[in-house]
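> Here is my input, please return the structure:
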Amino acid sequence: MRRFAGVALLASFLMCPVTYADEAPKESADAQPKLTFQPFPTTNGLALVETEDGEVQFVTSNNARFAIQGKVWDSWTKRYINTLDDLLDSLHVPLAQIGIHVEQMAHLKLGNHSKSRLGVVFIDPLSVSSREFLKRMSATPNKYRFDVVLVPTQRPGSLEEAQRLWCSPDKGAALSDLLNNTKNAPASKDESSCNIQALIKSSIALNMLNIKTVPHIVREDGLMALGVPTNFDQWLVKDFRKKDQK
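So this is what the prediction gives:
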């Protein structure tokens, strides 16, 4: 890979049109060189910038004020990130590959259990946007199948609600409570029988994946969405590693 002057790239970054790797390129009448900007997953601000001729630079914020000179190692995929293609590949890391196992966390099942699972949804049980998304998915129960992981955030009462739902012996009623904001699910008769460690593991996954907003959706191949994608069904099947795919 050729080296280039970091100052020149940063200056051009501030002046040139930018295309995000998961967006279709926009036509532009100007002759300025175009750059592709792709944030790193599960980080706060680290991104890769690629020029039209394939040269790359690593920056620590979307205004490219700070640049990293050197190599970037992905400890999850056990390889260096040298190109945009490398980074796009790194977006697809199944949760089990990094030690996050849904069956060990506090979770409920949504959709048609006879279908292959499409992914995992991390939600706060008191989040209105999470509830709205789950209700939309449940409106066509034969179309989707997800595992819903309960991750109490710092909202007042969310930990108690997550524990109530998870510890209920009737998980179907617990899911109904989650979807409808009700409290009809029977309580556990024996609190000692409830696996509280599963809630702790949900919280560990929350931090490991750097989840800042809910719902947080992870496809079966590991691709994550911050919030709910506008074209959700398309997002579920699209291969973002193909840069020319519309």
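
> Relative to V49, how far out is T36?
Separation of T36 from V49 (Cβ to Cβ, to the nearest Å) stands at 7 Å. Where you see a C-beta, it was placed from the backbone N, CA and C, and this is true even at glycine.

> These two: who's more crowded?
Taking other Cβ atoms under 10 Å, T36 and V49 do not tie; V49 has more neighbours (23 against 19).

> Was I right to think the more buried one contacts K34?
No: applying Cβ atoms under 8 Å as the test, V49 and K34 come out as separate, 10.9 Å apart.

> What are the structural domain limits within the protein?
For the chain, the domain assignment from automatic domain parsing gives the residue ranges 6-91, 97-237.

> In the protein, what residue spans correspond to strands?
Secondary structure of the chain (DSSP state E): strands at 18-20, 35-39, 47-51, 56-59, 67-68, 72-74, 79-81, 107-111, 119-123, 145-150, 216-219, 224-226.

> Columns distance to S176 and mean pLDDT on top of those, output as JSON lines?
Converted to JSON lines, these look like this (distance: least, Cβ to Cβ, whole Å; pLDDT from 0 to 100):
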{"stretch": "strand 18-20", "distance to S176": "38", "mean pLDDT": "40"}
{"stretch": "strand 35-39", "distance to S176": "37", "mean pLDDT": "81"}
{"stretch": "strand 47-51", "distance to S176": "41", "mean pLDDT": "84"}
{"stretch": "strand 56-59", "distance to S176": "46", "mean pLDDT": "81"}
{"stretch": "strand 67-68", "distance to S176": "49", "mean pLDDT": "80"}
{"stretch": "strand 72-74", "distance to S176": "41", "mean pLDDT": "91"}
{"stretch": "strand 79-81", "distance to S176": "44", "mean pLDDT": "91"}
{"stretch": "strand 107-111", "distance to S176": "10", "mean pLDDT": "96"}
{"stretch": "strand 119-123", "distance to S176": "15", "mean pLDDT": "96"}
{"stretch": "strand 145-150", "distance to S176": "12", "mean pLDDT": "97"}
{"stretch": "strand 216-219", "distance to S176": "21", "mean pLDDT": "95"}
{"stretch": "strand 224-226", "distance to S176": "25", "mean pLDDT": "85"}
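
> wait, which of those strands is closest to N180?
strand 107-111 (13.4 Å; Cβ to Cβ).

> mind exporting the closest one as CSV, just the C-alpha atoms?
The C-alpha coordinates for strand 107-111 follow below in CSV (Å, rounded to 0.1, in the frame of the first residue of the first chain):
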residue,chain,number,x,y,z
HIS,A,107,-33.8,-13.3,26.1
LEU,A,108,-37.3,-14.0,24.6
LYS,A,109,-38.2,-15.6,21.3
LEU,A,110,-40.1,-13.6,18.7
GLY,A,111,-41.7,-14.9,15.5
